[in-house]
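> Just a sequence and a predicted model for now, questions to come.
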Amino acid sequence: MHTFEVWAPIAKIMALQVNDSRLPMQGPDHQGWWRANVNEAGPGSDYGFLVDEDDHPYPDPRSLRQPNGVHALSCVYNQNAFAWSDTGFRATPLASAIVYEMHVGTFTMEGTLDSAIEKLDALKDLGVTHLELMPIASFAGRQGWGYDGVALYAVHEPYGGPDALKRFVNAAHGKGLAVLLDVVYNHFGPSGNYTGKFGPYITELHHTPWGGAVNLEAEWASQVRRFFCDNALMWMRDFHFDGLRLDAVHAYIDRSAIHFLEQLTIETKALEADLARPLVLIAESDLNEPRIVTSRDAGGFGIDAQWSDDFHHALFTALAGKPLGGYYSDFGAIEQLAKAVEKTFVFDGIYSKYRRRVHGKSAAHLPQSRFFGYIQNHDQVGNRAVGERVHETVGLDRAKIAAALVLTSPFIPMLFEGEEWAASSPFQYFADHEDPVLARLVSTGRKKEFEAFGWNPDQIPDPEKKETYERSRLNWNEVNEGQHAEMLAWYRELIALRRATPELNDSEPGKTRAECDPVTRWIVVERGDIQILCNLATETNLLPLSWRGEILLSSRKGVKAREDTLELPPATVVIVKTRSERSG
């Protein structure tokens with residue numbers, strides 16, 4: 001026997017279609033739930049729900065499997081059938097993590113979870129501790145970034161479905177790798193979202209870039225919040241994920257006494273205690289609001305960490321060495337990079353020209369391990385016009401500087417797939433909308449967006465064409481060739497140095513110092529007895545040393561040591577272990 005349940009608080013009549021039979025459902029109860037017990041149903045049974053007088057069966061909003069796509073019937077799935085072998089696995093503490101963001105569909109040529117298992121040894125050997133999967137919840141079409149998911153409880157079938165996801169997480173844990181999942185709770189995708197047939201998941205009281213906001217505070221909001229909290233708990237409990245990355249939490253509009261983020265923190269910590277293994281929550285936010293990662297007992301939401309775009313923007317514009325448009329227009333001064341390294345937020349209550357208002361609040365009092373540092377991620381590569389990577393934009397030598405600053409920073413370092421070997425494949429925006437009208441709107445909208453920045457529309461890849469997706473897949477055959485092997489060796493050395501150097505894992509506020517010269521374009525970062533000296537200029541520079549010391553790593557040849565300075569060629573970074581005169 002299987003019990004079917006669905007939340008439909010406004011419906012007058014509900015029916016269940018299962019195994020080609022249609023049966024009435026009982027309800028609603030005081031919380032708006034309908035139920036039906038079916039003796040002949042079980043794992044593998046196809047089913048859908050009929051709402052009021054609508055004769056069309058719709059998929060379950062909480063469907064655990066959509067084998068024929070998001071528009072088709074749901075399928076009963078047994079969460080308890082998989083044989084796990086990861087008992088006893090405990091994730092590396094987030095403060096000492098090396099995170100690797102990956103997109104299942106482009107990580108290998110096959111684009112499946114099972115094929116991704118074959119590459120886990122390469123990531124383990126690199127020194128990665130955590131894998132962060134871009135969203136895998138079911139969305140319309142075969143390929144896409146995953147941020148337009150609509151069946152949030154089901155694993156995208158072209159990736160292999162729920163059992164393949166469990167095999168992947170189980171295999172990763174077997175190799176000592178933790179796994180995080182990117183989840184999208186700020187909107188649903190534009191195609192295949194049938195939640196509105198059942199209840200007020202979306203409210204028109206507030207609006208976001210995707211339309212009406214998720215209903216976190218209006219009538220029936222408690223059950224909508226329950227939908228998302230239960231989803232989060234499912235991934236960590238039933239799929240053994242070690243934590244979640246929450247997409248664009250600045251789009252949550254919630255004035256409740258207990259904010260949705262705080263509720264999610266409370267429930268995650270309760271699950272952590274129940275499972276007796278660490279679980280983490282990581283937010284993406286552009287608010288520069290330290291309350292997000294402030295502990296609950298100090299009046300915050302208690303999220304463990306968040307992405308920090310200020311560090312990325314300051315670093316990227318410093319590498320580019322020229323004015324850039326859009327949100328980069330607020331950045332470009334090398335002093336901003338120094339401030340980001342020291343104090344996390346550049347915009348910490350100061351005026352933003354791009355936003356035309358005062359933005360942010362200081363986070364200088366918080367451990368910097370509550371923030372992620374990166375030079376590449378899916379947004380910062382994929383949202384560029386042609387999806388080019390950093391080494392193609394600023395050159396290999398400057399990309400090495402970026403890697404060094406990320407991997408010696410006081411932040412949690414995050415890499416984006418292929419970054420470690422300067423992959424030749426771009427990461428472009430791609431989608432597969434089955435609705436021809438929607439597909440045409442997406443294609444034309446993408447061209448117009450970048451035409452406004454001066455791009456020739458003919459040069460903008462069409463997101464809806466399959467070749468845009470195909471050219472974004474990693475080519476693992478190039479890893480040991482030429483500049484790819486050179487960059488991979490550099491990343492391995494940097495990660496090994498971070499793992500072996502206590503100073504590089506000290507994220508307490510005030511422990512990192514940065515000095516720069518905006519005229520000659522050098523920056524020196526001090527982390528205890530470690531100095532990271534960067535020459536961002538196009539000519540040789542003399543950089544100051546606090547003490548004489550030992551060169552641990554150098555990105556280029558030609559570095560010359562003097563009494564209290566280092567002579568660095570253009571676009572060079574050197575990492576030095578300094579030696580005090582008192583100890584020498």
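Thanks, I have the structure now.

> going forward, measure contacts between C-alpha atoms and count neighbours the same way
Noted.

> Would you map the helices across this structure?
104-107, 113-117, 120-126, 161-174, 221-238, 260-275, 309-320, 334-343, 378-382, 390-394, 396-407, 436-451, 466-470, 482-500 (DSSP state H).

> can you list the ones you listed in CSV and add mean neighbour count and distance to E289?
Listed next are the helices of the chain as CSV, based on neighbours: other C-alpha atoms under 10 Å; distance: least, C-alpha to C-alpha, whole Å:
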stretch, mean neighbour count, distance to E289
helix 104-107, 24, 31
helix 113-117, 20, 35
helix 120-126, 15, 33
helix 161-174, 21, 32
helix 221-238, 18, 22
helix 260-275, 17, 13
helix 309-320, 23, 12
helix 334-343, 23, 13
helix 378-382, 18, 20
helix 390-394, 16, 28
helix 396-407, 23, 22
helix 436-451, 15, 29
helix 466-470, 17, 35
helix 482-500, 18, 28
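
> Next one: the nearest residue to F450 once chain neighbours are set aside from A439, what distance?
Excluding its sequence neighbours, the residue lying closest to F450 (C-alpha to C-alpha, 6 or more residues apart in numbering) is A385, at 6.3 Å. A385 sits 18 Å away from A439, going by C-alpha to C-alpha, to the nearest Å.

> same thing with G160?
G160 sits 25 Å away from A439, going by C-alpha to C-alpha.

> Let me see the contact set for A91.
Residues near A91 by C-alpha atoms under 8 Å, 6 or more residues apart in numbering: T129, H130, G176, L177, A178, D242, P278.

> Would you format those residues as JSON lines with neighbour count included?
Below are those laid out as JSON lines (neighbours: other C-alpha atoms under 10 Å):
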{"residue": "T129", "neighbour count": "22"}
{"residue": "H130", "neighbour count": "27"}
{"residue": "G176", "neighbour count": "19"}
{"residue": "L177", "neighbour count": "26"}
{"residue": "A178", "neighbour count": "27"}
{"residue": "D242", "neighbour count": "28"}
{"residue": "P278", "neighbour count": "18"}
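
> which among these gets closest to Q483?
Closest approach between those and Q483, by C-alpha to C-alpha: T129, at 24.8 Å.

> Check whether the closest one really touches L94, as I assumed.
No. Contact between T129 and L94 fails when scored by C-alpha atoms under 8 Å: they sit 9.0 Å apart.

> Lowest mean pLDDT across the helices of the chain, which one is that?
Among the helices of the chain, helix 436-451 has the lowest mean pLDDT, at a mean of 88.

> Centre of the chain to it, how far?
Distance of helix 436-451 from its chain centroid, counting by C-alpha atoms, centre = their mean, to the nearest Å, is 25 Å.

> where in the stretch 451-584 of the chain is pLDDT low?
Scanning the stretch 451-584 of the chain with the threshold set as pLDDT under 70 gives 452-453, 547, 580-584.

> make it 50
For the stretch 451-584 of the chain, the stretches with pLDDT under 50 are 581-584.

> So which residues of it form strands?
With DSSP state E, counting those that start in this stretch as the criterion, the stretch 451-584 of the chain has strands at 512-517, 522-527, 530-535, 541-544, 549-554, 560-561, 565-568, 572-578.
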